[in-house]
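# structure for this input, please:
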Amino acid sequence: MNANIQTLGPLVDIRDLTVRFGQAQPVLHGVSLQIHRGECLALVGESGSGKSVTARTLAGLTGKGAQIEAAKLAFQGIDLRRLDERSWQRLRGASIGFVMQDALGALDPLRRVGAEVEEPLQLHTRLSLEERRLRVLELLRDVGIPEPELRASQYPWQLSGGLRQRALIASAIACNPRLIIADEPTTALDATVQAQVIALLESLRGEDNALLMVSHDLSVVARLADRVAVMHHGVIVEQGSTEQVLHDPRHPYTQLLLRAARAVHFHPERKLLAAVEPEPPADAEVLLEARDLSKSYTGPDGRSRKVVKQVSLQLRRGETLGVVGESGSGKTTLTRLILGLETPDAGDVWIAGQRWSQLDSQQKRQARRAVQVVFQDPLNSFDPRYTVQRVLFEALAVAGLPRRDWHARARQLLELVRLDEGALVRRPIELSGGQRQRIAIARALASEPQILICDEPVSALDVSVQAQILELLDDLKRRLGLACLFISHDLGVINHVSERVLVMKDGDVVEAGSVRAVFDRPTHAYTRALIAAIPTLDAEYPPSEFYLQVAI
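As a prediction, this is how the structure comes out:
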């Protein structure tokens, strides 16, 4: 760090910060940290550790019910404790950029993406209308959004999760703020775009600004951060240089996080650190088959785009087939075609030997019981008014189980996902992210399906919880004889759970085979780019710039 910058004092100075809501125990206890100009500080820890509350407090977004006490809470020498809402509005966007984790919730569903990115430019700059339009397109290109003119004219709900996250980052950095706060900025992104966004955030760091990154992904932290602060139950338990914290951790909690991270991820330049059992026998029953599926959509510009191109696959009883690819590769559309939520332009789907297109409405409802889905964000798929008991009872009613058996079966489902009966009386919002995902899995199992489709089921979870959920899914697959179609952008996760893998790009399957063959000996340039772009916990294995350029 430049010595002259250091003499200016910290850009952010927090001392003995305590935050509580109502009469409850504080969620932050005496947090102290500094962020200097030109550096990146990473806050790491599990859900509920207090890292997001710390970040939101720095942006004046803690919430009206928050009680904030601090010996010092300053940004650029400004006492943040004294700011009213009007002063915060002048500061946010112009001097402090905030990238939230939930892009769909942060972006206005009724405003086009271009208008969202343009808003801070409109509020905080004197650029003309045309200058703002050109700056919006430049920002969308910078964060790796293809066809920026088209995407600027679309609404957030028309974009994939990864594209929405990139649009949110573009909005946050529009005015070149002095402090960028990024709360899980790469959670929903595939490896190549993740590497691009990391490189973008690195490039934004100059001598006069800084980055505060909240993340559960320690491999991203290893690539981007200068220093790391580890939080647990509202307390910073360890703080130091990235090298020291990630390679010589002192606190047992930090050591636990690192063990969990290494259990899930693998190094692109080394042999796999984890591998599932060999493929099931070739004569195992085919439960799901897709043949030559194709699907096109017409965009706002009137052009037709083929998003799935003659994709074929087979899924056998007892196996997990991973589908990996970047946002916009066609993974989600393929899933919707398989579930019968979309009608293919060509091709067909067979479930347990039944041809989907030949079934009537009643037969399709019956067939759907054999195929259940676990989504990335279970909270948005639950009615917030429902208790866990009601969530499970509703699923059991749809499955046709007699009412007298609901309570006993609900307890059995909780036992399957390793939760106790006490969870029945709680609402999903009262549970942790890992607990909610277990409830989502329990709900999916209510109809005793043969096939489980897992759509990014662990991407928003902490590494330690990821490992638990992946181990649970593997255990359920073996105990119940399930076949799993596992959709993910995370190659480490695909490696951990799958026997076979399909790699998708621009609607095509560019490579397919056993996990070992594809990941150890990739033949397609795009697969090699995905593997090379994976950030690792070890500095000696940086992403390859050559493969990054091939992918992007």
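
# quick one, strands of the stretch 201-350 of the chain?
Listed in chain order, the strands of the stretch 201-350 of the chain (DSSP state E, counting those that start in this stretch) span 210-214, 227-232, 235-241, 286-298, 304-316, 320-324, 346-351.

# in stretch 67-87, what's buried?
Buried residues in stretch 67-87, counted by 16 or more other CB atoms under 10 Å: 68, 70, 73, 74, 75, 76, 80, 83. For glycine as for every other residue, the C-beta is placed from the backbone atoms N, C-alpha and C.

# residue ranges with poor pLDDT in the stretch 101-250 of the chain?
Where the stretch 101-250 of the chain drops to pLDDT under 70, the residues are 102-104, 161, 188.

# just name the shakiest helix or strand of the protein by mean pLDDT.
Taking mean pLDDT, DSSP states H and E as the measure, the chain has helix 545-551 as its least confident helix or strand, at a mean of 31.

# now, which of the buried residues of stretch 67-87 sits nearest residue 457?
Proximity of the buried residues of stretch 67-87 to residue 457 was ranked by CB to CB; the top entry is residue 68 with 35.2 Å.

# what helix or strand is that closest one located in?
strand 66-69 (DSSP states H and E).

# rewinding a little: and the furthest pair within the buried residues of stretch 67-87?
Every pair of the buried residues of stretch 67-87 checked by CB to CB; the farthest is 68 and 76, at 18.6 Å.

# hmm, back to that, need the strands of the stretch 201-350 of the chain in a markdown table (columns: distance to residue 183 and mean neighbour count).
Converted to a markdown table, the strands of the stretch 201-350 of the chain look like this (distance: least, CB to CB, whole Å; neighbours: other CB atoms under 10 Å):
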| stretch | distance to residue 183 | mean neighbour count |
| --- | --- | --- |
| strand 210-214 | 4 | 25 |
| strand 227-232 | 13 | 23 |
| strand 235-241 | 17 | 17 |
| strand 286-298 | 31 | 18 |
| strand 304-316 | 30 | 18 |
| strand 320-324 | 25 | 26 |
| strand 346-351 | 38 | 18 |
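
# next step: the buried residues of stretch 67-87 restricted to strands.
68, 73, 74, 75 (DSSP state E).

# any chance of the residues you listed in CSV, with pLDDT and distance to residue 336 too?
CSV is the format used below for those (pLDDT from 0 to 100; distance: CB to CB, whole Å):
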residue, pLDDT, distance to residue 336
68, 94, 44
73, 96, 47
74, 96, 49
75, 95, 45
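
# what's the closest of those residues to residue 394?
residue 68 (40.0 Å).

# tell me the contacts of residue 444?
Residues near residue 444 by CB atoms under 8 Å, 6 or more residues apart in numbering: 372, 373, 374, 395, 452.

# any idea how far residue 337 is from it?
Distance from residue 444 to residue 337, counting by CB to CB, to the nearest Å: 19 Å.

# residue 22 now?
Here residue 22 is placed at a distance of 47 Å from residue 337 (CB to CB).

# ditto for residue 76
Residue 76 is 52 Å from residue 337, by CB to CB.

# does residue 464 sit in a helix, a strand or a coil?
Following DSSP: H, G, I helix; E, B strand; the rest coil, we place residue 464 in the helix state.

# neighbours of it, how many?
Neighbour count for residue 464, taken as other CB atoms under 10 Å: 20.

# that one against residue 46, yeah?
Yes. Assessed by CB atoms under 8 Å, residue 464 is found in contact with residue 46 at 6.1 Å.

# what touches both of the two?
With CB under 8 Å, 6+ apart, residue 464 and residue 46 have common neighbours residue 257.

# got the CA coordinates for stretch 97-115 in CSV?
The C-alpha coordinates for stretch 97-115 follow below in CSV (Å, rounded to 0.1, in the frame of the first residue of the first chain):
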residue,chain,number,x,y,z
GLY,A,97,-21.9,1.9,-4.0
PHE,A,98,-23.8,-1.1,-2.7
VAL,A,99,-24.2,-4.4,-4.5
MET,A,100,-26.8,-6.5,-2.7
GLN,A,101,-26.9,-10.3,-2.8
ASP,A,102,-30.6,-10.6,-3.9
ALA,A,103,-30.5,-9.0,-7.4
LEU,A,104,-34.2,-9.8,-8.1
GLY,A,105,-35.3,-8.1,-4.9
ALA,A,106,-33.0,-5.1,-5.4
LEU,A,107,-34.0,-4.3,-9.0
ASP,A,108,-37.4,-2.8,-9.7
PRO,A,109,-39.4,-5.4,-11.6
LEU,A,110,-41.4,-2.6,-13.4
ARG,A,111,-38.3,-0.7,-14.7
ARG,A,112,-36.1,-1.7,-17.6
VAL,A,113,-32.6,-2.7,-16.8
GLY,A,114,-31.1,0.3,-18.6
ALA,A,115,-33.2,2.7,-16.4
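
# gap between that stretch and the chain center?
How far stretch 97-115 lies from its chain's middle: 15 Å, per CA atoms, centre = their mean, to the nearest Å.

# one step back: residue 524: which of the buried residues of stretch 67-87 is nearest?
Residue 524 lies nearest to residue 75 out of these, by CB to CB, at 46.9 Å.

# which ones are touching that closest one?
11, 12, 58, 91, 95, 96, 179.

# swap the cut-off to 7 Å and go again
11, 12, 58, 96, 179 (CB atoms under 7 Å, 6 or more residues apart in numbering).

# what residues are bridge-paired with it?
Judged by DSSP bridges, the bridge partners of residue 75 are residue 12, residue 78.

# how close does it sit to residue 92?
Residue 75 is 11 Å from residue 92, where distance means CB to CB.

# again with residue 168
Using CB to CB, residue 168 is found at 14 Å from residue 92.

# repeat that for residue 72.
In this view, residue 72 and residue 92 are 20 Å apart by CB to CB.

# what does residue 236 give?
Distance, residue 236 to residue 92, using CB to CB: 25 Å.

# residue ranges with poor pLDDT in this structure?
1-8, 102-104, 161, 188, 263-279, 281-282, 535, 538-552.

# helix, strand or coil for the residue of it positioned farthest from its centre?
The C-alpha centroid of the chain is most remote from residue 404, which lies 38.9 Å away (CA atoms, centre = their mean). At residue 404 the chain is in helix, as set by three-state DSSP.

# list the contacts for it?
Residue 404 touches nothing, counting by CB under 7 Å, 6+ apart.

# cool, residue 537 as well?
So residue 537 contacts 218, 219, 222, 246, 261, 262 (CB under 7 Å, 6+ apart).

# try it again with 8 Å
Residue 537 sits in contact with 218, 219, 222, 246, 258, 261, 262, 265, where contact means CB under 8 Å, 6+ apart.

# equivalent analysis for residue 349, please.
Residue 349 touches 288, 289, 290, 291, 293, 337, 338, 340, 355, 356, 357, counting by CB under 8 Å, 6+ apart.

# circling back to that earlier point, so which of the buried residues of stretch 67-87 comes closest to residue 297?
residue 75 (44.5 Å).

# what secondary structure does residue 438 sit in?
Per three-state DSSP, the secondary structure class of residue 438 is helix.

# how close does the residue lying closest to it once chain neighbours are set aside get to residue 523?
Leaving out its chain neighbours, the residue that sits closest to residue 438 by CB to CB, 6 or more residues apart in numbering is residue 417, at 4.1 Å. Between residue 417 and residue 523 the distance, using CB to CB, works out to 38 Å.

# what does residue 495 give?
On the measure of CB to CB, residue 495 and residue 523 end up 17 Å apart.

# run a quick neighbour tally on the residue nearest to residue 320 when sequence neighbours are not counted.
Excluding the flanking residues, the one nearest residue 320 by CB to CB, 6+ apart is residue 484, at 4.1 Å. If you count neighbours by other CB under 10 Å, residue 484 ends up with 23.

# same deal with the one 10 residues further on?
Neighbourhood size, residue 494 [other CB under 10 Å]: 24.

# pretty sure it contacts residue 322?
Yes. With contact defined as CB under 8 Å, residue 494 counts as touching residue 322 (3.8 Å).

# which residues are common contacts for these two?
Common neighbours of residue 494 and residue 322 (CB under 8 Å, 6+ apart) are 486, 488, 501, 515.

# tell me which two in those residues are the farthest apart.
The farthest-apart pair in the shared contacts of residue 494 and residue 322, when distances are taken by CB to CB, is 488 and 515, at 12.3 Å.
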